[in-house]
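Visitor: Below is the sequence, then the predicted model.
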Amino acid sequence: MTKNAAYALLLAATLGLAACDNAAENSAQDAQESREEAQESMNDAEESMNDAAEAQNDATAEEAEAAEQRAEESRDAAPAAQQPVSPPPTNQQ
């Protein structure tokens, strides 16, 4: 009888530990999946930030180019406006 009780207790303990181990394994797998998803999300966010920075740099370069073009147009127009006009001839008698 003692052997039967011992076997029953051993079987119950084994099954209990096996059930607990499975839950811990599932939790570890879930944690790993969450970590991988978080890493992917971080990578996506970094890529989005890089794209935004690149777009900002492009916009800044375009604005600088437009300002330079306006400055050139202003310089080209300025000499025409600054050319001296000869005064009208005077009638001296």
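Guide: All right, it came through fine.
Visitor: Please count neighbours and contacts with C-alpha atoms only from this point.
Guide: Noted.
Visitor: Just the element for the one residue sitting closest to the centre of the chain, please.
Guide: Among the residues of the chain, M49 comes closest to the average C-alpha position under C-alpha atoms, centre = their mean, at 2.2 Å. Counting by DSSP states H and E, the element that carries M49 is helix 2-82.
Visitor: quick one: low-confidence ranges for this protein?
Guide: For the chain, the stretches with pLDDT under 70 are 20-24, 78-88, 92-93.
Visitor: does T90 count as helix, strand or coil?
Guide: Following DSSP: H, G, I helix; E, B strand; the rest coil, T90 is assigned to coil.
Visitor: Roughly how far does the residue nearest to the centre of the chain sit from A38?
Guide: 16 Å (C-alpha to C-alpha, to the nearest Å).
Visitor: With A55 instead?
Guide: From A55 to A38 the distance is 26 Å (C-alpha to C-alpha).
Visitor: how many other residues sit next to A6?
Guide: 11 (other C-alpha atoms under 10 Å).
Visitor: And for A18?
Guide: Residues near A18, counting by other C-alpha under 10 Å: 12.
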